[in-house]
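Undergrad: okay, predicted coordinates and the sequence, questions at the end:
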Amino acid sequence: MANERKTEQIVRKHFEKFENIVIEEQSSEIPKVQKLLQTASKKGSGAGYPDFIITYKTNSDFLIVIECKADITKHESKYRDKYSDYAVDGALLYASYLSKDFDVLAIAVSGENVRNLKVSHFLHLKGEKKATEIFDDKLLSPDNYLKGYLHSPEKFRQDYNTLLDFTKELNDKLHIHKILENQRSLLISAILIALENEPFNKSYASYSKPENLANALVQTVSNELESANITDKKLENLEIQFSFIKTDTSLSKKDGVLKEIIDEIDENINDFIKSHKYFDVLGQLYIEFLRYANSDKGLGIVLTPPHITELFAELAQVNKNSVAYDNCTGTGGFLISAMSQMIKDAKNDENKIKEIKSKQLIGVEYQSHIFALAISNMYIHQDGKTNILNGSCFNPEIMKIVKEKKPTVGFLNPPYKSNKKTDTDELEFVLNNLETLVDGGTCVAIVPMQSALATKGKVYEYKKKLLEKHTLEAVLSMPDELFFNSKVNVVSCIMVFTAHKPHPKNKETYFGYYKDDGFVKRKGKGRIDAYGKWKDIKEKWLSNFINRKREPGFSINKIVTADMEWSAEAYMETDYSKLSDKDFEQAVLDYVTFLHQNKIYDKLNDE
């Protein structure tokens, strides 16, 4: 006869050797846990009694709940609704109650010996409606559980949403204190850099005069950057960008304002950075601040969403030996994503990681205040800032410096034209990036779709030039509202080139209809991965791209020339199997709406 006590003994023996946790059985002495389990009975009424509740001495927000069954056939029911009889069902039930106040890892264990043990894990985050499967089918150490939880996509999404909520509050506060929109990210970056300095971190709260605190903040930033080998003109420029902190009325004259802002940034943003390394936090803050102001819209600033900067690094197959270059660096998002992938590939080789950070990340940024953000961003991520140059990527001297570093991978999201006659064309920036790469290097660029569609005029000439010198490997149509968070209404596509290899006459280019990234708009948060769809979508995008897979309604390979449209929409086969009457009805409604909105319905009727 099956004996559940044997299963419990296996679990107990596994966890009792670890000192960083507290193990409780059947009940808990934590009042909040007791209260949540009061109505969690597996039979439908009364209190619930999980086999094990595990809490961490270092993290009170996260707990583990474990349910055991002796018989492995009683591991999981078809609909997970037999709470008394099945391990998974019971563990998920307890997690659903406990997740009202905690992040919960639900573990279901069945079997009477270690060799045949069946284990399932589910992460149910606080406030979420359902749990997500996580980890594999073995019991892990508490440290591995904690690390996996903290770095899981689900936890990142939760923390990121919390960060966005805080950003809105912070933006409102900075608005009240009349801090200019284009200075807000600079202020935050200065504070984050200063907090890296231990003496400042420990002493900033003790300054009695706001003026002294403001001066100390700016001086600390200057000292930190200088000690990080940022000197001469570059340092002078950065000091100018941060100097407003010393003269701003609210920051340097009003009691408690700057100190309170430092406290909140340390608690909310610094903690996020420590938990989620190699994420372009400053870039995201800059985007969020721009959502409340149009101050930089005329400059064509369109910062790339972080899930797309990560996609770029994977499209280019960046590895530990890559040298990445961004000639329109912005806040450094592409370089940070590239650095993340390069470090992952280095597999804890500290010497190689040091080399990646100091030598293999190159950027050029024209605007001084954005340049300051890029330097700050790279500093916060521990290096890479010494190879960020301030100036024009078309400057021959800058191009010479970049070429000497032999970049193998180029990334860019160029400034988008606001004046078609005088502004530099987006494809000129692409040509510039490609020119600096080594032979056979990969360039990945995101540009307005109109650049891909042009079949005459100046843009057509740039397309001709691109094919004469380089190979067009792929064009990927991006979601229509990809840049919704930046308040710039532009439909875009990603172009992938191989440098310095003229496009072969009979070469087939891969075209992907990558319109659905799973992100949705949410009030106050912009476009977010609310349902956690992006991971699977990205895998499909990458798999089809790498294998040049042809799929009706999604991707196609096509021989193209400069006078043809470079977009999947122009050549893609329709997958009729997915069409329904509703699709037809929606298309007709969309068309009629278009006619009415543009006031051409009556005219078309007459014709």
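TA: That came through, no problem. Numbering: from 1, shown residues only.

Undergrad: regarding stretch 92-104, how distant is the last residue from the first?
TA: The first residue of stretch 92-104 is 10 Å away from its last residue (Cα to Cα, to the nearest Å).

Undergrad: who does the closest residue to residue 16 other than its chain neighbours form a beta bridge with?
TA: Using Cβ to Cβ, 6 or more residues apart in numbering and skipping the chain neighbours, the partner closest in space to residue 16 is residue 23 (6.4 Å). Placement of C-beta: from N, CA and C, glycine included. Assessed by DSSP bridges, residue 23 has beta-bridge partners residue 54.

Undergrad: tell me how far residue 23 lies from residue 69.
TA: Separation of residue 23 from residue 69 (Cβ to Cβ, to the nearest Å): 19 Å.

Undergrad: scan this protein for its longest helix.
TA: Looking across the chain with DSSP state H, the single longest helix is helix 153-176.

Undergrad: go through it and flag the buried ones.
TA: In terms of neighbour count (16 or more other Cβ atoms under 10 Å), helix 153-176 has its buried residues at 154-161, 163-164, 166-168, 170-171, 173-174.

Undergrad: following it, which helix or strand shows up next?
TA: Next along the chain after helix 153-176, taking DSSP states H and E as the criterion, comes helix 181-195.

Undergrad: distance from that following helix to the middle of the chain?
TA: Centroid displacement of helix 181-195 relative to its chain, using Cα atoms, centre = their mean, to the nearest Å, is 20 Å.

Undergrad: cool, stretch 405-419 as well?
TA: On Cα atoms, centre = their mean, the centre of stretch 405-419 falls 19 Å from the chain's centre.

Undergrad: and what of stretch 424-443?
TA: On Cα atoms, centre = their mean, the centre of stretch 424-443 falls 25 Å from that of its chain.

Undergrad: with stretch 16-34 instead?
TA: From the chain centre to the centre of stretch 16-34 is a distance of 35 Å (Cα atoms, centre = their mean).

Undergrad: returning to what we had before: list the contacts of the residue nearest to residue 16.
TA: Counting by Cβ atoms under 8 Å, 6 or more residues apart in numbering, residue 23 touches 12, 15-16, 52-54.

Undergrad: which residues of the stretch 1-150 of the chain fall in strands?
TA: Along the stretch 1-150 of the chain, counting by DSSP state E, counting those that start in this stretch, strands occupy 21-24, 52-56, 62-69, 103-110, 118-124, 132-133.

Undergrad: CA-only coordinates of the one helix or strand residue 428 maps to, as PDB, when you get a sec.
TA: If you go by DSSP H and E, residue 428 is part of helix 426-436. Only the C-alpha atoms of helix 426-436 are listed here, as PDB (Å, rounded to 0.1, in the frame of the first residue of the first chain):
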ATOM      1  CA  GLU A 426      17.900  56.700 -42.500                       C
ATOM      2  CA  LEU A 427      19.600  54.600 -45.100                       C
ATOM      3  CA  GLU A 428      22.600  56.900 -45.100                       C
ATOM      4  CA  PHE A 429      23.100  55.900 -41.400                       C
ATOM      5  CA  VAL A 430      22.900  52.200 -42.500                       C
ATOM      6  CA  LEU A 431      25.500  52.700 -45.200                       C
ATOM      7  CA  ASN A 432      27.700  54.500 -42.600                       C
ATOM      8  CA  ASN A 433      27.400  51.600 -40.200                       C
ATOM      9  CA  LEU A 434      28.200  49.000 -42.800                       C
ATOM     10  CA  GLU A 435      31.300  50.900 -44.000                       C
ATOM     11  CA  THR A 436      32.900  50.600 -40.600                       C
END
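
Undergrad: neighbouring strands of the helix or strand following it in the sheet, and parallel or not?
TA: Past helix 426-436, further along toward the C-terminus, the next helix or strand under DSSP H and E is strand 442-448. Next to strand 442-448 in the sheet, as set by DSSP bridges, lie strand 409-412 (parallel), strand 492-498 (antiparallel).

Undergrad: now residue 582: which helix or strand?
TA: Using DSSP H and E, the secondary-structure element containing residue 582 is helix 581-597.

Undergrad: which strands and helices sit next to that helix?
TA: Contacts defined by 3 or more Cβ pairs under 8 Å, 6 or more residues apart in numbering; DSSP states H and E place helix 581-597 against helix 601-606.

Undergrad: follow-up on the earlier one: just among the contacts of residue 23, which is most surrounded?
TA: Using other Cβ atoms under 10 Å as the neighbour criterion, residue 53 leads those with 24 neighbours.

Undergrad: any chance you could map the helices in the stretch 451-600 of the chain?
TA: With helices called from DSSP state H, counting those that start in this stretch, the stretch 451-600 of the chain shows them at 457-469, 534-546, 568-571, 581-597.

Undergrad: quick one: closest of those helices to residue 190.
TA: helix 534-546 (32.1 Å; Cβ to Cβ).

Undergrad: check which helices and strands that closest one sits against.
TA: Using 3+ Cβ pairs under 8 Å, 6+ apart as the contact criterion, the elements in contact with helix 534-546 are helix 306-315, strand 471-477, strand 508-513.

Undergrad: pull the CA atoms of the second one into PDB?
TA: Only the C-alpha atoms of strand 471-477 are listed here, as PDB (Å, rounded to 0.1, in the frame of the first residue of the first chain):
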ATOM      1  CA  THR A 471      24.200  41.700 -49.200                       C
ATOM      2  CA  LEU A 472      20.600  42.100 -48.100                       C
ATOM      3  CA  GLU A 473      20.000  39.000 -46.000                       C
ATOM      4  CA  ALA A 474      16.500  39.700 -44.600                       C
ATOM      5  CA  VAL A 475      13.700  42.300 -44.100                       C
ATOM      6  CA  LEU A 476      11.300  41.800 -41.200                       C
ATOM      7  CA  SER A 477       8.100  43.800 -41.000                       C
END
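
Undergrad: in this structure residue 230 contacts residue 238, no?
TA: Yes. Residue 230 is within contact range of residue 238, at 6.9 Å (criterion: Cβ atoms under 8 Å).
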